[in-house]
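**Q** quick one, structure for this:
(one chain, ligands or ions: 1)
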Amino acid sequence: MVLPHAPALSLLSALLGLLAAVGAVQAATVVSVAADGRVSLAGVGDIAAGTVLELRRGDDLLGFLEATKTKAGTSIRVIAGRAEAGAQAIAIERPRIRVGFLGGPEGERVSKELAVLCPGRVVSLGGEAELDAAKLDAVVITASAPEPQVRRFVEGGGTAIVDLAVYAAWAGGEARQITATERPVVEVVAASDATRGLAVGQAFTHFGRQATRPVCRCLDKARGGGQVLLALRPGKQPVAVEHRIGKGRLLALDLLAPNGEPGYDAGSVLKWVLPGNLLARSVRYTRALSYRLKTHDEYMKLQEAVAERVKGTWVREQVGVDSGGKPIWRFRMGSLDRPSFLLDGAIHAGEWLNPYLLLDLIDYLAHVPEADYRTRWLLRHYTVLVIPMLSGSMRQESFNGCDLNRNFDFRWDDYTRGYGWRKGRALKLRGAAPFSEPEARVVRDHIWNHPVVGYVNTHMHGLQHGAMFIAPHKLAAPRRRAFDAAAKIMAAHLRDRFLWKGPRQLVFRRSAHDGRTVPFAGNWAGYQGLWAVTTELAGGSDHSLHNKEVAFEGILAFLHAVGAEFAAGKRPWLGCPRTGFARPGGHKDATALVFTRGGKQTIAYRTNRGGGTLRLALPPEGCRLADEAGKPVAWQPGGDHCLLPMDTRRRFFLCGAATRQQVLDALKRATSIDDR
Ligand SMILES: [Zn+2]
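**A** Purely as a prediction, here's the structure:
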């Protein structure tokens with residue numbers, strides 16, 4: 001049985017005027033779970049391998065499924081969270097709108113890019129072709145076409161995206177080409193569904209190149225009834241014009257001139273955003289480009305304005321002082337005793353976009369739309385802690401001249417050689433000791449003292465590398481189920497929305513820190529047992545739109561996947577009150593967290609290499625040792641102490657009747673015997 005999607009989503013989509021544009025009707029199906037845990041979907045014959053589905057029950061997110069190819073056909077498996085019989089499975093669908101293309105040789109590049117943006121959905125139309133609303137939802141035109149025919153198509157509810165030259169010719173005119181010495185800039189002069197993600201008054205570069213000079217095409221003026229969306233600065237000549245005709249819309253813009261790589265090259269970064277918004281609902285979260293403010297004060301004013309706006313939902317509070325004496329602010333939604341997510345920005349303060357991205361995320365979480373039931377569910381059960389700007393230095397190094405993302409206690413002692421700009425400076429950059437830096441201690445103390453289950457550490461790197469979604473090193477966090485699920489979920493959401501260095505689609509590339517072991521915050525957090533991810537974005541203001549969309553999808557997918565895993569009973573200890581402890585027994589590769597559960601203390605501990613025996617000064621009565629699945633592990637009780645095997649697997653030592661203070665004291669006095 002194929003059910004229509006929840007009315008809330010349909011209504012929202014209708015409000016946004018996007019229903020036709022995105023093919024937003026999602027099919028839900030009912031999940032059956034067999035006694036052996038196998039999942040099947042009733043009534044779904046052909047579900048393509050690779051399809052990711054959400055599992056929903058009422059207003060709750062349960063988890064995610066993936067269809068995989070097997071010898072016997074397609075099978076369904078849970079990739080995060082849990083399946084329950086009777087739950088709904090909702091496929092994360094790609095946009096479905098059918099697009100016709102009408103263009104000659106000059107439109108070859110447009111045609112190629114369009115085919116990549118809307119794979120399998122573009123029909124090439126001959127010059128004589130009738131625009132048939134029954135077969136097409138939209139048409140992209142770069143060659144001359146009869147206006148009455150296009151107009152009829154639009155009146156009937158179609159979307160027509162036409163090059164400026166075609167549009168100008170309808171009135172007997174021509175699009176003008178302006179050759180400039182400076183890079184032409186266009187300003188957003190009106191808001192529309194097409195300009196989603198760009199705020200009125202914002203400007204971005206928009207040009208192509210002829211020989212070596214930048215060129216931009218524009219009109220002298222819009223035709224009657226047209227609303228100018230983009231205009232050249234400073235002359236105000238229209239570059240994008242929208243007409244609402246009948247039930248549809250016509251967007252005229254310069255498709256042919258900007259000939260750099262979309263998403264990547266200056267002048268062409270945002271080339272497909274307006275058409276993409278109509279063809280694929282490209283922008284879903286972002287409301288404006290981000291511009292880098294020059295000073296810390298200016299940024300903080302922006303942060304304060306956001307705090308004021310979200311007051312009532314978020315609390316902004318100071319959680320420390322950075323090495324330059326600047327306050328470190330945290331936004332908190334929810335109480336500190338609930339399972340929490342921690343996100344931070346500007347651990348490398350020169351990586352400018354993240355402090356802005358995180359403010360956008362705070363804004364979004366303050367007003368999550370009805371349709372995003374996944375995030376609404378998440379916020380009902382989890383607290384979110386966001387530190388948008390960990391270091392206020394506004395450059396890569398902290399005020400102390402440290403690389404804060406080398407100051408964490410995961411193979412910190414090994415970090416003796418840097419590369420690139422860090423070459424020859426590793427010993428200075430890593431700090432005098434693990435957590436010698438106040439900024440790193442703020443992160444550490446959150447993870448040590450609060451029930452943080454998931455951690456997101458945000459970065460930027462060179463544009464050429466593109467956006468990356470990175471797992472901790474396998475020696476820090478060997479299990480990647482939730483990370484892999486998040487990578488699949490966000491990839492499913494990102495399909496067919498943006499082009500990048502093309503013609504190819506923009507992705508949030510899944511990666512892992514599996515080369516050198518580096519004392520990254522993300523590695524250390526993963527090593528403590530949390531679910532952790534590091535993100536890398538790229539570029540300047542023009543790129544901020546794509547990058548923020550990618551980051552939103554990645555971060556939300558991570559929160560949803562981890563939230564579903566934890567709710568399904570994975571790593572339940574992470575939700576308990578705890579105290580962190582460094583290097584138990586003086587073992588530099590070991591770590592411990594002391595959890596309190598039902599008044600009893602449990603030490604979760606492990607090393608990241610080698611092994612040993614931990615001699616713990618605690619009376620052994622009532623103690624026991626178990627692995628993560630709860631299976632007993634052999635250990636040796638002494639008269640007044642316990643001898644615990646220690647290796648790279650996390651063990652859980654239940655400390656009998658000892659109080660937390662007694663356990664911490666015992667850890668302080670512990671010694672270790674290195675078996676290597
Ligand atoms: Zn960085």
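**Q** what mean pLDDT does stretch 667-676 have?
**A** For stretch 667-676, mean pLDDT is 85.
**Q** so for it, what gets flagged as buried?
**A** By neighbour count with 16 or more other Cβ atoms under 10 Å, stretch 667-676 contains the buried residues L667, A670, S672. From N, CA and C alone the C-beta is placed, and that goes for glycine too.
**Q** out of those residues, who's nearest the ion?
**A** L667 (32.6 Å; Cβ to the ion).
**Q** next helix or strand past the host helix or strand of that closest one?
**A** According to DSSP states H and E, L667 maps onto helix 660-669. Heading C-terminal from helix 660-669, the first helix or strand you meet, by DSSP H and E, is strand 671-674.
**Q** circling back to that earlier point, so which elements touch the helix holding L667?
**A** Helices and strands touching helix 660-669, as assessed by 3 or more Cβ pairs under 8 Å, 6 or more residues apart in numbering; DSSP states H and E, comprise strand 578-582, strand 590-597, strand 600-607.
**Q** look up how far the ion lies from the residue nearest to D665 when sequence neighbours are not counted.
**A** In space, and not counting its chain neighbours, D665 is closest to A617: 8.0 Å by Cβ to Cβ, 6 or more residues apart in numbering. Note on A617: its distance to the ion, by Cβ to the ion, to the nearest Å, is 41 Å.
**Q** what of D445?
**A** 21 Å.
**Q** secondary structure element holding R624?
**A** Counting by DSSP H and E, R624 is part of strand 623-626.
**Q** now the helices: where do they sit in the stretch 101-250 of the chain?
**A** 108-117, 147-155, 164-170 (DSSP state H, counting those that start in this stretch).
**Q** wait, the stretch 401-550 of the chain
**A** Using DSSP H, counting those that start in this stretch, helices in the stretch 401-550 of the chain cover 426-429, 438-449, 481-494, 521-528, 541-567.
**Q** tabulate the ones you listed (TSV), appending mean neighbour count and mean pLDDT.
**A** Output for the helices of the stretch 401-550 of the chain, formatted as TSV (neighbours: other Cβ atoms under 10 Å; pLDDT from 0 to 100):
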stretch	mean neighbour count	mean pLDDT
helix 426-429	17	96
helix 438-449	21	98
helix 481-494	24	98
helix 521-528	28	98
helix 541-567	25	98
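**Q** ok, which of those helices comes nearest G224?
**A** G224 sits nearest to helix 541-567 of all those, at 31.1 Å, using Cβ to Cβ.
**Q** any idea what L614 is bridged to?
**A** L644, S672 (DSSP bridges).
**Q** how does this protein divide into domains?
**A** 7-91, 99-280, 335-566, 576-674 (automatic domain parsing).
**Q** on that earlier part again, dump the helices of the stretch 101-250 of the chain to CSV, plus mean pLDDT.
**A** Conversion of the helices of the stretch 101-250 of the chain to CSV gives the following (pLDDT from 0 to 100):
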stretch, mean pLDDT
helix 108-117, 96
helix 147-155, 95
helix 164-170, 95
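**Q** which one of those helices has the most crowded surroundings?
**A** helix 164-170 (a mean of 22; mean count of other Cβ atoms under 10 Å).
**Q** hmm, back to that, so which of the helices of the stretch 401-550 of the chain gets nearest E147?
**A** helix 541-567 (31.9 Å).
**Q** do I have it right that V99 meets L114?
**A** Yes: using Cβ atoms under 8 Å, V99 is in contact with L114, at 6.8 Å.
**Q** common neighbours of those two, please.
**A** V122, V140 (Cβ atoms under 8 Å, 6 or more residues apart in numbering).
**Q** which residues of the stretch 401-550 of the chain lie near the ion?
**A** Among all residues of the stretch 401-550 of the chain, those adjacent to the ion (criterion: Cβ under 5 Å from the ion) are H459.
**Q** tell me which residue of the stretch 401-550 of the chain lies closest to the ion.
**A** Closest point on the stretch 401-550 of the chain to the ion, by Cβ to the ion, is H459, at 3.3 Å.
**Q** who are the contact partners of that residue?
**A** I347, H348, E351, N354, N405, T534, T535, E536, L537.
**Q** so it bridges to which residues?
**A** Bridge pairing for H459 - DSSP bridges - gives E536.
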